[in-house]
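K.L.:
could you look at this predicted model? Sequence included:
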There are 2 protein chains.
Amino acid sequence: MVNAERFIDKTIVEIQHEVGTHQVVMALSGGVDSSVCAALGAKAIGDHLNPIYVDTGLMRKGETDRISAMFGNLRLHIVHAEDEFLRALTGISDPEQKRKVIGERFIRVFEREAKKTKAPYLLQGTIYPDRIESEGGIKSHHNVGGMPLHVEFEKVIEPLRDLYKDEVREIARVLGLPPEIQHRMPFPGPGLAVRIIGEVTPEKIKVVREANAIVEEELVDRYVPWQCFAAVLGLGTGVKGDNRVHGWIIAVRAVNSRDGMTADPVEIPYNILRHLASRITAEIPSVARVVYDITSKPPATIEYE
Amino acid sequence: MVNAERFIDKTIVEIQHEVGTHQVVMALSGGVDSSVCAALGAKAIGDHLNPIYVDTGLMRKGETDRISAMFGNLRLHIVHAEDEFLRALTGISDPEQKRKVIGERFIRVFEREAKKTKAPYLLQGTIYPDRIESEGGIKSHHNVGGMPLHVEFEKVIEPLRDLYKDEVREIARVLGLPPEIQHRMPFPGPGLAVRIIGEVTPEKIKVVREANAIVEEELVDRYVPWQCFAAVLGLGTGVKGDNRVHGWIIAVRAVNSRDGMTADPVEIPYNILRHLASRITAEIPSVARVVYDITSKPPATIEYE
């Protein structure tokens, strides 16, 4: 574990040294990594930092509002690209293809906005496990990495590149970032799209977003898991009155982990599981069935696609 | 609850009375309903009964061998129709369409074989909940019902039509049928096809059949559930070494129920769930993820499609 105070002081000086008097652009997702990176950047270079948040339409319920409230003081630039992403995803079911399309779209939106800032440098919140898993091909998209940007940056600065997630959280705490950022669960770059098996449609996004909000409401404070979320797996049968209906199958995932490299399902008692299933099927009438993921990582990943 | 001895005596006399000296054909699936029906038929009319078992290729592991061993003494006629069913199912993903195709195919195979027997009467193991749920449209295929047979039977005899499942089991016990039939879990007419979300392929059949065998091995004796099985939901991501792989998502379903009309998930402890997930992912390498169904009926059905 790094010493947080020393890391912060050292990193601020390093960023100042690297940046000089140039402008810097960065992609802020609202996750703990990019938030800590932005906070360090702001302390180091003030309004030479140009943070950009892209609303892909694949964000959690209320996410964009929360983020603009939290980072308003950083001159945060919010880009609404919901329709652009949805159009790009139409007709695509293959998980690798989905990730590629989203990564590419993200790059195109980000580079369009980055160009406007005329910033020659890029700041990125890449952490150590991102680099490891990216090399092995476990994650094909993280942050804006893995794909060539058409903006030619003179320099890419990655101050968190040697840290594990728990170290980043400790730095968030020492930096005085709000607890909801310190403890923010990892949220994947491609957003809710990797929690939708098969084609991404507006209906599936709506269903998984609502289900996810219920899962977070019920589990985050109760179990403080490394990560918990809902995914939509497909259509199965349910019964309403005496009639058979078809409804979505929702998977609930909640895991404990030290660093995201390995993970184990949280052992949620059945009365809570029953309550979760009842809430999800009652509040989202198009859901017929709820399942709880009982697989560790490995052999499963934490996310679904 | 009917008195089993009295029901058996009365039913044997009734079947004899209804059948007279005619030949009778019946579809034997090996489930408790059709087995009890066949046993009553055999007691009543001996070798005037012509039981036919259709191997649809959608049966559980070892099912056809088990059934031919059990019912060999009834002059059981086994029809191998695996390829015929698989061909009929190619390209079909819609659950209602799948049930229809299987029901229709079953009828065609059965009527082809029934014609050879020249039997004018049909014996059927329909029970009370089948009739109720069939009227409401919850089950579109049970036994050979719900679809017109092109063999014109002069008479359809349904001796179990007013019984609930637990009454049928009691009658199986009193008839002296082997315990594995008495306690046999309900198995749907369309077989493993309703435990495969989306198109039925040879690979998915193989995966769900193996997973189902593991689930039964681990849960049947331990919990004596009303029903337990595996279903295959689609592809999700897993991790092997440092690489991301795509593997099947297997759902495990285990429920307690009095009559199949309502049902609750069995509260399986996490050490057993973990063991199940490990066995399934280790013994079927193409499976990446295992989930446990936590939904009651209603709002979910017991089966998946």
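P.N.:
Alright, I've got the coordinates.
K.L.:
any idea what the nearest residue to A:Leu235 once chain neighbours are set aside is bridged to?
P.N.:
Nearest residue to A:Leu235, sequence neighbours excluded (C-beta to C-beta, 6 or more residues apart in numbering or on different chains): A:His246, at 4.9 Å. (Glycine included, C-beta is placed from N, CA and C.) Counting by DSSP bridges, A:His246 forms beta bridges with A:Thr237.
K.L.:
I'd like the distance between A:His246 and B:Thr301.
P.N.:
Per C-beta to C-beta, to the nearest Å, A:His246 is found 10 Å from B:Thr301.
K.L.:
about what we covered before: which residues touch the residue nearest to A:Leu235?
P.N.:
By C-beta atoms under 8 Å, 6 or more residues apart in numbering or on different chains, A:His246 lies in contact with A:Leu235, A:Gly236, A:Thr237, A:Gly238, A:Ala288, B:Pro95.
K.L.:
so which bits of stretch A:227-240 are buried?
P.N.:
A:227-239 (16 or more other C-beta atoms under 10 Å in any protein chain shown).
K.L.:
same question for stretch A:252-260.
P.N.:
Within stretch A:252-260, the residues scored as buried using 16+ other C-beta under 10 Å are A:Val252, A:Arg253, A:Ala254, A:Val255, A:Asn256, A:Ser257, A:Gly260.
K.L.:
can you get me the start-to-end distance on it?
P.N.:
Distance between the two ends of stretch A:252-260: 17 Å, counting by C-alpha to C-alpha, to the nearest Å.
K.L.:
and for stretch A:49-67?
P.N.:
OK, stretch A:49-67 end separation, C-alpha to C-alpha: 17 Å.
K.L.:
quick one: A:Lys118 and A:Gln23 touch, right?
P.N.:
Yes: counting by C-beta atoms under 8 Å, A:Lys118 touches A:Gln23, with 6.4 Å between them.
K.L.:
excluding chain neighbours, what is closest to A:Glu210?
P.N.:
The spatially closest residue to A:Glu210, leaving aside those adjacent along the chain, is A:Ile284, at 5.1 Å (C-beta to C-beta, 6+ apart).
K.L.:
does the one you found touch A:Val208 like I think?
P.N.:
No: counting by C-beta under 8 Å, A:Val208 is not a contact partner of A:Ile284; they are 9.5 Å apart.
K.L.:
find residues that contact each of these two.
P.N.:
Joint contacts of A:Ile284 and A:Val208 (C-beta under 8 Å, 6+ apart) are A:Ile250.
K.L.:
format the contacts of A:His246 as JSON lines; extra columns: distance to A:Leu40 and pLDDT.
P.N.:
Shown next, in JSON lines, are the contacts of A:His246 (distance: C-beta to C-beta, whole Å; pLDDT from 0 to 100):
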{"residue": "A:Leu235", "distance to A:Leu40": "46", "pLDDT": "92"}
{"residue": "A:Gly236", "distance to A:Leu40": "46", "pLDDT": "92"}
{"residue": "A:Thr237", "distance to A:Leu40": "51", "pLDDT": "91"}
{"residue": "A:Gly238", "distance to A:Leu40": "49", "pLDDT": "92"}
{"residue": "A:Ala288", "distance to A:Leu40": "46", "pLDDT": "96"}
{"residue": "B:Pro95", "distance to A:Leu40": "52", "pLDDT": "89"}
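K.L.:
quick one on the thing from earlier: any idea which of the buried residues of stretch A:252-260 the model trusts least?
P.N.:
On pLDDT alone, A:Gly260 ranks lowest of those, at 86.
K.L.:
one step back: list residues touching both of A:His246 and B:Thr301?
P.N.:
By C-beta under 8 Å, 6+ apart, A:His246 and B:Thr301 have these common neighbours: A:Gly236, A:Thr237, A:Gly238, A:Ala288.
K.L.:
for those residues, which one is nearest B:Ala277?
P.N.:
B:Ala277 has its nearest neighbour among the shared contacts of A:His246 and B:Thr301 in A:Gly236, at 19.9 Å by C-beta to C-beta.
K.L.:
quick one: contacts for the closest one?
P.N.:
So A:Gly236 contacts A:His246, A:Gly247, A:Trp248, A:Ile249, A:Ala288, A:Arg289, B:Ile197, B:Ala300, B:Thr301, B:Tyr304, B:Glu305 (C-beta under 8 Å, 6+ apart).
K.L.:
and the residues you listed, which of them are in strands?
P.N.:
A:His246, A:Gly247, A:Trp248, A:Ile249, A:Ala288, A:Arg289 (DSSP state E).
K.L.:
near the nearest residue to the second one once chain neighbours are set aside, how many other residues are there?
P.N.:
What sits nearest to A:Gly247 in space, not counting adjacent residues and going by C-beta to C-beta, 6+ apart, is A:Ala288, at 2.7 Å. Applying the criterion other C-beta atoms under 10 Å in any protein chain shown, we find 26 residues in the vicinity of A:Ala288.
K.L.:
okay if I get the buried residues of stretch A:227-240 as TSV plus secondary structure?
P.N.:
Shown next, in TSV, are the buried residues of stretch A:227-240 (DSSP: H, G, I helix; E, B strand; the rest coil):
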residue	secondary structure
A:Gln227	strand
A:Cys228	strand
A:Phe229	strand
A:Ala230	strand
A:Ala231	strand
A:Val232	strand
A:Leu233	strand
A:Gly234	strand
A:Leu235	strand
A:Gly236	strand
A:Thr237	strand
A:Gly238	strand
A:Val239	strand
